[in-house]
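Trainee: Sequence isn't available, so here's the structure alone:
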């Protein structure tokens, strides 16, 4: 690297440090990180950035500093609208500031900006002595589901795939079924929550101010059809069986484990299994069957 | 001999494609000449945004406009990004690919802002070298836009227009002249916007951008949030006279109105395309009332929100 390009590199590292400094431009300039690139006092800033007749050097640099957080906060707010609703704008803004320090964007796309936000909330959750589920768990679960919505919305889907048709299924001999494995759709997600966060999120995204729900174990099956994310509340039994199929168990083994789980009386099993599989197929949860 | 617009077509008057207008465009198929997309919003998409783009690309010419190339950065060029950019361009038959004369981050980070560089011989050489590499990878001329900026560096030894002109000639790339950016920067840095437009090598201008901005009293911010003001239309008129006409596009990214309003705004450009019209010197003055309490964000980011049922 030549001396000249090293100069540009130093200016860019210095400017990035200063405009991203959380407590403002002046503190950013004084920071050890910035000083290691370009050592100067705030009063000497015009040796790097010129002033205009209307604005000082610091004010001009401040426009970029303000824009950095404002722009990224706006993007996070758009990805996590229900979390904003639950936390309140001020608290969400404060958490976002901390998040951006911990997980600054390293991607060319803003779609990745908020990818680690649920993880960040989990990492910063205050420890509880008794491990009891509380308000912060509710917030983490909202963030988690909103992120899943984003990933499913723009990730791989089944719109261009041939999903399992009734003809294909009817052509499979009943005795073959136990040995088959079902291939899940790439947009399928199976999730367990401590709160009915899906209802809270839908309510908040409609512009309402929902109240915080009581704790209630909730199982969700998420998928995408016609490019719209669909979420459906399912029973613990459905969750159990779908999770075994998702793990790659043969249909027969999954049903055996389900029968042994005691989640359902044996006489109810047959009727429910038939209804569930019909519904799951129609919902596009599976895209293929394989016999190995 | 250099062809006008580097040989690219004059596509007419286009509109920046934004998600809030997807449904309207698909349903009504408005008589728009062409659309410009934000490349990064579609490069990795395997969902509705990409599907809608493919439907729109079947009916309308598409141009790709990026915000993360970071051609001015001292970080290595992101070859994976460039590969995806090229792949998307091939898939939607993009007429050309553009980005900005700026850097967006360093040390592996992305600020998602279009940050200015010092304008001097060293930075010029740095950019020219990188533009040539990008053009080799993309196998087509890159088209670069003059940014709006809010600060200048002591290390600059030449004006922005001189830098941009030399960059275009030496790297043999195209220019996307954003006349709103010229105007915004001219107020912020106290230079003559007419001289800027007059200095630009006309045949290298492939495209023109129009947009609204926010007057903060002491400075202007390129917010893309409203109508184009008269001084900017006058600069457009001057550019039109110099180039003989280039593909022209309106960007509207904040407080986005219904599609017909955005379309109507870009169609106003027709009023400034008469070769006989004289450019009025008096018009190059901001008439809008300053909004000193504005919390304006420069060129706001376009984030696509998930649709959930």
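Mentor: Yep, that arrived. Here the structure is a predicted model, which is why all the values come from computation and not from measurement.

Trainee: what comes up buried for stretch A:41-52?
Mentor: A:45, A:48-50, A:52 (16 or more other CB atoms under 10 Å in any protein chain shown). Glycine gets a C-beta too; all of them are placed from N, C-alpha and C.

Trainee: ditto for stretch B:199-215
Mentor: Buried residues in stretch B:199-215 (16+ other CB under 10 Å): B:200, B:202-215.

Trainee: repeat for stretch A:216-229
Mentor: A:218-225, A:227-229.

Trainee: residues from the stretch 51-200 of chain B in reach of chain A?
Mentor: Contact residues, the stretch 51-200 of chain B versus chain A (CB under 8 Å from any CB of the partner chain): B:51, B:68, B:73-74, B:78, B:81, B:103, B:105-113, B:115, B:117-118, B:121-123, B:125-126, B:150-155, B:188-190.

Trainee: on that earlier part again, which ones among the buried residues of stretch A:216-229 are found in strands?
Mentor: A:218-225, A:228-229 (DSSP state E).

Trainee: Reformat those residues as a markdown table; add distance to chain B and pLDDT.
Mentor: A markdown table is the format used below for these (distance: CB to the nearest CB, whole Å; pLDDT from 0 to 100):
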| residue | distance to chain B | pLDDT |
| --- | --- | --- |
| A:218 | 16 | 98 |
| A:219 | 17 | 98 |
| A:220 | 12 | 98 |
| A:221 | 13 | 98 |
| A:222 | 9 | 98 |
| A:223 | 11 | 96 |
| A:224 | 7 | 96 |
| A:225 | 9 | 94 |
| A:228 | 5 | 96 |
| A:229 | 4 | 97 |
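
Trainee: Let's have these in JSON lines, adding distance to residue A:40.
Mentor: Formatted as JSON lines, those follow (distance: CB to CB, whole Å):
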{"residue": "A:218", "distance to residue A:40": "55"}
{"residue": "A:219", "distance to residue A:40": "58"}
{"residue": "A:220", "distance to residue A:40": "54"}
{"residue": "A:221", "distance to residue A:40": "58"}
{"residue": "A:222", "distance to residue A:40": "52"}
{"residue": "A:223", "distance to residue A:40": "56"}
{"residue": "A:224", "distance to residue A:40": "53"}
{"residue": "A:225", "distance to residue A:40": "58"}
{"residue": "A:228", "distance to residue A:40": "53"}
{"residue": "A:229", "distance to residue A:40": "50"}
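
Trainee: and which of these is nearest residue A:157?
Mentor: residue A:224 (4.7 Å; CB to CB).

Trainee: Please look at that closest one and residue A:186 and confirm they touch.
Mentor: No: Residue A:224 lies out of contact with residue A:186 (CB atoms under 8 Å); the separation is 9.2 Å.

Trainee: Could you pull out the residues contacting both of these two?
Mentor: Here residue A:224 and residue A:186 share the contacting residues A:157-158, scored by CB atoms under 8 Å, 6 or more residues apart in numbering or on different chains.

Trainee: I'd like to know which elements the lengthiest strand in chain B is packed against.
Mentor: If you go by DSSP E, chain B has its longest strand at strand B:205-211. Packing contacts for strand B:205-211, counted by 3 or more CB pairs under 8 Å, 6 or more residues apart in numbering or on different chains; DSSP states H and E, involve strand B:142-145, strand B:174-178, helix B:179-189, helix B:230-243, strand B:247-251.

Trainee: And the strands in the stretch 51-200 of chain A, which stretches?
Mentor: A:181-184, A:189-193 (DSSP state E, counting those that start in this stretch).

Trainee: who wins for proximity to chain B among these?
Mentor: strand A:189-193 (12.4 Å; CB to the nearest CB).

Trainee: Check residue A:133 and give its pLDDT.
Mentor: The model reports residue A:133 with a pLDDT of 81.

Trainee: does it really touch residue A:215, like I thought?
Mentor: Yes: between residue A:133 and residue A:215 there is a contact under CB under 8 Å: 5.8 Å.

Trainee: who touches both of these two?
Mentor: residue A:194.

Trainee: any low-confidence regions in chain A?
Mentor: A:1-6, A:292 (pLDDT under 70).

Trainee: okay, now the domains of it?
Mentor: With domains defined by automatic domain parsing, chain A comprises A:1-74, A:158-290.

Trainee: Quick check: which of the ones you listed is buried the most?
Mentor: Each of the domains of chain A was scored by mean neighbour count; the highest is domain A:1-74, a mean of 17, by mean count of other CB atoms under 10 Å in any protein chain shown.

Trainee: Just give the nearest non-adjacent residue to the residue sitting furthest away from the middle of chain A, would you?
Mentor: The centre of chain A is farthest from one residue, residue A:53, which by CA atoms, centre = their mean lies 45.9 Å away. Closest residue in space to residue A:53, ignoring its immediate chain neighbours: residue B:190 at 6.4 Å, by CB to CB, 6 or more residues apart in numbering or on different chains.

Trainee: ok, how many other residues are close to the one you found?
Mentor: By the criterion of other CB atoms under 10 Å in any protein chain shown, residue B:190 has 11 neighbours.

Trainee: List the buried residues of the helix or strand encompassing residue B:197.
Mentor: Taking DSSP states H and E as the criterion, residue B:197 maps to helix B:193-199. Within helix B:193-199, the residues that count as buried by 16+ other CB under 10 Å are B:193-194, B:196-197.

Trainee: and of those residues, the nearest to residue B:177?
Mentor: Nearest member of the buried residues of helix B:193-199 to residue B:177, counting by CB to CB, is residue B:197, at 7.3 Å.

Trainee: I'd assumed residue B:177 was in contact with that closest one.
Mentor: Yes: judged on CB under 8 Å, residue B:197 makes contact with residue B:177 at a distance of 7.3 Å.

Trainee: Now do the shared contacts for those two.
Mentor: Counting by CB under 8 Å, 6+ apart, the residues touching both residue B:197 and residue B:177 are residue B:239.

Trainee: where do the helices sit along the stretch 51-200 of chain A?
Mentor: Along the stretch 51-200 of chain A, the stretches classed as helices by DSSP state H, counting those that start in this stretch are A:57-79, A:81-87, A:89-102, A:117-123, A:135-154, A:166-170, A:197-205.

Trainee: where does the stretch 151-292 of chain A come near chain B, residue by residue?
Mentor: Going by CB under 8 Å from any CB, the residues of the stretch 151-292 of chain A near chain B are A:152-157, A:159, A:201-202, A:205, A:224, A:227-231.
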